[in-house]
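1. Got a predicted structure here, sequence first:
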Amino acid sequence: MPESTAGRVREVRVTPILISDPPLLNLQGVHQPATPRTIVEIETESGAVGLGETYGDTDYLTAIRRVAPHLAGADVSRPTALRAVVDEVLGADETAYAEAGTHAAGLRGKRDLAKLKASVFAVFEVACLDAWGRILGVPVHALLGGRVRDRVDYSAYLFYKWAAHPGAGPDEWGGALDPQGVVEQARLFADRYGFGSIKLKGGVFDPDQEIAAVRALRTAFPDTPLRLDPNGAWSAETGERVARELTGVLEYLEDPAAGVGAMARIHQRTGMPLATNMCVTGFDEVPEAFSRNAVQVVLSDHHFWGGLRATLDLAALCRTYGVGVSMHSNTHLGISLAAMTHVAAAVPDLHHACDTHRPWQQEDVVTRPHAFKGGAVEVSDAPGLGIELDTDALADLHRRWSDSDVRDRDDVGAMRAVHPDWTAPRLPRW
Ligand SMILES: O=C([O-])C(=O)C[C@H](O)[C@@H](O)C(=O)[O-]
Ligand SMILES: [Mg+2]
């Protein structure tokens, strides 16, 4: 019998876009009014089109564009084989990633070539699985072993924020710069989306102010699991103090201090469960962190762990070592949310609500953006990722990218629009 050509890759389209983003504050500065993402479409000989979404910064976009032409003729049912293609095309040039600017580097752990390759592979893997699922008529979660839940719980992801970007009118969320503002934002998220867990992005104000905000959330939401994430802004001593003050209040504390040593010390001295998307962001970082008991919850993220099946590998590793698993997010649209939901649906031991930035985005490139009901997204059983590309929206957001000179996420630069002397904070900041 002749080999089937249905899953053979005919064309790969890579489209950079800019999506608008509110003025959300973090350790490094503030989100820009618009941030880059990359959308990948893999079209097969049968006409099936698989979708992927990932970071849009120059280093990612350049690497994705370099690899894309080499995928023609590959088979979407064999995504593992593409790993070798990515490795070969991106070669051994460590500088490809390390020198590509400062932007959000500090907020999501190490930056090296291995991680860039894992990230580039991930967006193609998702698109292949989507196309393959469409061809077979099965959902992506079925290709991952099948769903073990019907709905995936997400967490409200609160940020300190300005009421508006400089020079722009106020947005629909309003400002949140003190405990009362944070509680009001939480109520908005709970009312609109029904989230049953709350995370506050910290590292913005003095730790005592952030402790006060968490206590105000506890008073307003007595039974809701709470988290605080200062992105490694504190010293081990400060982390220890905050951990003691918030013991019994937080479900977990996320990246209180930078590095495995500080994390291990904080946990050992306080017993506070610690989560990370900074000190363990690749498989090579697992042995030391786990053997030193530095993290109790790993925040997986298929965008940089190497795709959906690598996320399942990570979950299995965590299970083996008695470490919890949950999910990290960055500013993203519906293709990423669909991929996150399919893989989360297939992870057996997912005991924490996943992070998502999606409610902060007012536009999308999918025709029917996901709805959060009771804080959860329903797991789709439609073929592939269960989403359709809105080609007009994609064209509009690509036009915005073409008309703009924003090419990288730069929270530090965005902060300079208001504080001209602002520089990336040296750690520990407190
Ligand atoms: O959990 C985290 O550290 C993040 O979500 C990283 C992000 O870059 C977050 O800090 C943001 O969007 O400002
Ligand atoms: Mg984090």
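-> Okay, I see it. Ligands and ions are numbered 1, 2, ... in the order given.
2. rest of the way, CA atoms for contacts and neighbours
-> Noted.
3. so what are the domain limits for this protein?
-> As assigned by automatic domain parsing, the chain contains the domains 9-138+391-403, 141-378.
4. Let's have the ones you listed in a markdown table, adding mean pLDDT, distance to H419 and mean neighbour count.
-> Output for the domains of the chain, formatted as a markdown table (pLDDT from 0 to 100; distance: least, Cα to Cα, whole Å; neighbours: other Cα atoms under 10 Å):
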| stretch | mean pLDDT | distance to H419 | mean neighbour count |
| --- | --- | --- | --- |
| domain 9-138+391-403 | 92 | 10 | 20 |
| domain 141-378 | 98 | 11 | 20 |
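5. Which part of the stretch 151-300 of the chain gets nearest to ligand 1, residue-wise?
-> N231 (5.4 Å; Cα to the nearest ligand atom).
6. Look at that residue and tell me its secondary structure.
-> State at N231, reduced to three classes by DSSP: H, G, I helix; E, B strand; the rest coil: coil.
7. quick one: contacts for the closest residue to it other than its chain neighbours?
-> Excluding its sequence neighbours, the residue lying closest to N231 (Cα to Cα, 6 or more residues apart in numbering) is D255, at 5.3 Å. The contact partners of D255, by Cα atoms under 8 Å, 6 or more residues apart in numbering, come to D229, P230, N231, G232, M263, L274, A275, T276, N277, M278, C279.
8. Identify the residues contacting the third one.
-> Going back to what we said before, that points to N231. N231 neighbours (Cα under 8 Å, 6+ apart): L27, L107, G202, G203, E254, D255, P256, A257, A258, M278.
9. Likewise for the first one?
-> Applying Cα under 8 Å, 6+ apart, one finds that D229 lies in contact with K199, L200, K201, G202, G203, L253, E254, D255, P256.
10. Residues of the stretch 251-400 of the chain that sit close to ligand 1?
-> Proximity of the stretch 251-400 of the chain to ligand 1, by Cα under 6 Å from any ligand atom, involves residues N277, H328, S329, N330, T331.
11. Mind telling me which residue is nearest the centre of this protein?
-> S329 (2.1 Å; Cα atoms, centre = their mean).
12. Please name the residues that touch it.
-> Taking Cα under 8 Å, 6+ apart, we find S329 in contact with D301, D355, T356, H357.
13. ok, 6 Å please
-> Residues counted as contacts of S329 (Cα atoms under 6 Å, 6 or more residues apart in numbering) are D355, T356.
14. what secondary structure does it sit in?
-> coil.
15. again with K117
-> K117, by the three-state scheme (three-state DSSP), is helix.
16. Distance check, V40 against Q268.
-> 43 Å (Cα to Cα, to the nearest Å).
17. One more: V298?
-> 17 Å.
18. wait, isn't Q28 in contact with A424?
-> Yes. Contact criterion Cα atoms under 6 Å: Q28 and A424 qualify, at 5.5 Å.
19. list residues touching both of those two?
-> Counting by Cα under 6 Å, 6+ apart, the contacts common to Q28 and A424 are V412.
20. So which bits of the stretch 101-250 of the chain are right by ligand 1?
-> Residues of the stretch 101-250 of the chain lying near ligand 1 (Cα under 6 Å from any ligand atom): L107, R108, N231.
21. what's the closest of those to V347?
-> Using Cα to Cα, R108 comes nearest to V347 of those, at 22.0 Å.
22. what sits against that closest one?
-> N277, M278.
23. what about it, distance to D301?
-> 10 Å.
24. correct me, but V295 touches M272?
-> No. In this structure, V295 is not within contact of M272 by Cα under 6 Å, at 10.0 Å.
25. how far does stretch 368-380 stretch from start to finish?
-> 12 Å.
26. go on, stretch 39-58?
-> Note: stretch 39-58 ends 14 Å apart using Cα to Cα.
27. hmm, that stretch in reach of ligand 1?
-> No. Using Cα under 6 Å from any ligand atom, stretch 39-58 stays clear of ligand 1, with a minimum separation of 11.1 Å.
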